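Novice: fold the following.
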Amino acid sequence: MIEPVITVLLIEDNRADADLIRLLLNAATDVRSAPQPQFIIHHADRIASAINLMDQNTFNIILLDLSLPDGQGLDTFRKVQLSAQNVPIVILSGQDNESLTVTAMQQGAQDYLVKGAIEGELLIRAIRHAIERQHLLIEQMRAKNQLARQTVELQNRNAELDQFAHTVAHQVQGLLGQIIGYGSLLEMTNQENLDAEGRLALKRILQSGHKMNNVLSEILLLASVDREEVVTIPLDMQRIVTEARKRLVFEIQETKAQIQETEYWPTAVGYPSWIEEVWVNYISNALKYGGEPPVLQLGAALHETTVCFWVKDNGDGISEVDQLRLFKTHTRLNPQRTRGEGLGLSIVRRIVERCGGEVGVISQLGEGSTFWFTLPLEAPPPASA
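Specialist: Below you'll find the model as predicted:
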């Protein structure tokens, strides 16, 4: 919205041109048939005197001649712009120079008028539009600065929350370690002194402790996947699979699962702790949704530049429609069948993709499912000269 009173700084050394600008603006002010702003005009014939006026007054618009005794061309514009402090500038020139026009607009001028072609309506419209555009630019800049400040605040808060979550998770993991350790000690040394109910309670304590520890590990992992830089190394996949199976020992015992492993694990590259989580998720899902009892096959196949790893189960299989939903956030294979503690297949996809691989599933109803993921093959050592 344009102010009812517009204060103009006219910087023009040619008296005739200055008088013409005054006449055009005063003529608009004298019109009574339509609402027009009132123009208050301050005149300077040099850059130095214009800067003095800007120090003493607040202006809505600057009309600037580029040819002055103490400045020529774009140099004049730059000097005035430094002191203008977000006041829109409309350039007045006696030369119809297109390249100069483009350059001036690129450097911040709001408009460019050739003095010999100026009419009252054109001049007033240029002033109005220049002020409106400048207001929009200022508002956009304020919004951008506010957004930048809010972004920094959110980043700081997220960093603080992330640090808090890591601290709490590690502390809880330490306490869980003691619970699991003492529980395991009781299981080894005093199990024969417990009755059936006591042995079952001790078993449940250990199971819950291991499950909670897995959940905390996955939460810490989820926080690190998008934040940490990935440095992939050759993987000892046999050791990684063994560690994953240890984390699921109670689920394996409870379901009476049979697990068959390949005898040969090709060497791929990846991030060991992340890839262990992939195996935990795949094996855990196969235990939940496999047959009764689950029969799992863990294998690998060497391709030209990648290694494909998989977990095959003997479950009911997955329909084509449900397969399309897998590896997406908050998707569970069969929510009515089991309550899952894991973070699911979406984290698996993010992990594997960050390590340079892909994920997928092969399944038909009644024929079980094979969940697979690929990783880059370890590069051979360079040939010696």
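Novice: what helix or strand does Arg204 sit in?
Specialist: Applying DSSP states H and E as the criterion places Arg204 in helix 196-225.
Novice: next SSE after that helix?
Specialist: On the C-terminal side of helix 196-225, the nearest following helix or strand under DSSP H and E is strand 233-234.
Novice: and the angle from the helix or strand Glu121 falls within to helix 196-225?
Specialist: With secondary structure defined by DSSP H and E, Glu121 is part of helix 120-189. Here helix 120-189 runs at an angle of 150 degrees relative to helix 196-225 (axes from the mean of the first three to the mean of the last three C-alpha atoms, to 10 degrees).
Novice: if we can go back for a sec, what packs against the helix holding Arg204?
Specialist: Helix 196-225 sits against helix 120-189, helix 237-247, helix 249-255, helix 272-289, helix 345-354, with contacts defined as 3 or more C-beta pairs under 8 Å, 6 or more residues apart in numbering; DSSP states H and E. (Each C-beta comes from the backbone N, C-alpha and C, glycine too.)
Novice: and those helices, which is most packed in?
Specialist: The highest mean neighbour count among those, using mean count of other C-beta atoms under 10 Å, belongs to helix 272-289: a mean of 23.
Novice: immediately after that one, which helix or strand?
Specialist: Elements were assigned by DSSP H and E; along the chain past helix 272-289, the next helix or strand is strand 295-302.
Novice: what pairs with that next one, parallel or antiparallel?
Specialist: Taking DSSP bridges as the criterion, strand 295-302 forms sheet pairs with strand 258-261 (parallel), strand 306-312 (antiparallel).
Novice: CA atoms only: put it into CSV for me.
Specialist: Once non-C-alpha atoms are left out, strand 295-302 reads as follows in CSV (Å, rounded to 0.1, in the frame of the first residue of the first chain):
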residue,chain,number,x,y,z
VAL,A,295,13.3,-72.3,8.8
LEU,A,296,15.8,-69.6,7.7
GLN,A,297,18.5,-69.7,5.0
LEU,A,298,21.2,-67.0,5.1
GLY,A,299,23.2,-66.7,2.0
ALA,A,300,25.2,-64.6,-0.4
ALA,A,301,25.9,-64.5,-4.1
LEU,A,302,28.8,-62.8,-5.9
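Novice: could you list the buried residues of that strand?
Specialist: Val295, Leu296, Gln297, Leu298, Gly299, Ala300 (16 or more other C-beta atoms under 10 Å).
Novice: just the angle between it and helix 237-247, please?
Specialist: The directions of strand 295-302 and helix 237-247 differ by 160 degrees, with the same axes, to 10 degrees as the criterion.
Novice: for strand 295-302, what does the pLDDT average out to?
Specialist: Mean pLDDT, strand 295-302: 95.
Novice: contacts for it?
Specialist: 237, 241, 257-262, 264-266, 283, 286-287, 290, 307-314, 377 (C-beta atoms under 8 Å, 6 or more residues apart in numbering).
Novice: can you list the domains in this structure?
Specialist: Each structural domain of the chain that the record assigns through automatic domain parsing is listed here as a residue range: 5-118, 150-228, 230-385.
Novice: now render those as a markdown table, adding distance to Ile131.
Specialist: Listed next are the domains of the chain as a markdown table, based on distance: least, C-beta to C-beta, whole Å:
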| stretch | distance to Ile131 |
| --- | --- |
| domain 5-118 | 6 |
| domain 150-228 | 28 |
| domain 230-385 | 48 |
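Novice: ok, which of those comes nearest Arg142?
Specialist: Shortest separation from Arg142 across these is recorded for domain 5-118, at 10.9 Å, computed as C-beta to C-beta.
Novice: returning to what we had before: just the buried residues of the contacts of strand 295-302.
Specialist: Restricting the contacts of strand 295-302 to buried positions leaves 237, 241, 257, 259, 262, 265-266, 283, 286-287, 290, 307-314, 377, with burial counted as 16+ other C-beta under 10 Å.
Novice: which stretches of the stretch 151-300 of the chain have low pLDDT?
Specialist: Counting by pLDDT under 70, the stretch 151-300 of the chain contains low-confidence residues at 218-219, 222-228.
Novice: picking up where we left off before, so which of the domains of the chain gets nearest Leu136?
Specialist: Proximity of these to Leu136 was assessed by C-beta to C-beta; the nearest stretch is domain 5-118, lying at 10.6 Å.
Novice: wait, isn't Thr58 in contact with Thr7?
Specialist: Yes: with contact taken as C-beta atoms under 8 Å, Thr58 and Thr7 are classed as touching, separated by 6.8 Å.
Novice: out of the two, which sits in the busier spot?
Specialist: Thr7 (16 against 9; other C-beta atoms under 10 Å).
Novice: what about that one, distance to Leu298?
Specialist: From Thr7 over to Leu298 the distance is 80 Å, taken as C-beta to C-beta, to the nearest Å.
Novice: what is the helix holding Glu121 packed up against?
Specialist: Other helices and strands packing on helix 120-189, by 3+ C-beta pairs under 8 Å, 6+ apart, are strand 5-11, helix 15-30, strand 61-65, strand 89-93, strand 111-114, helix 196-225.
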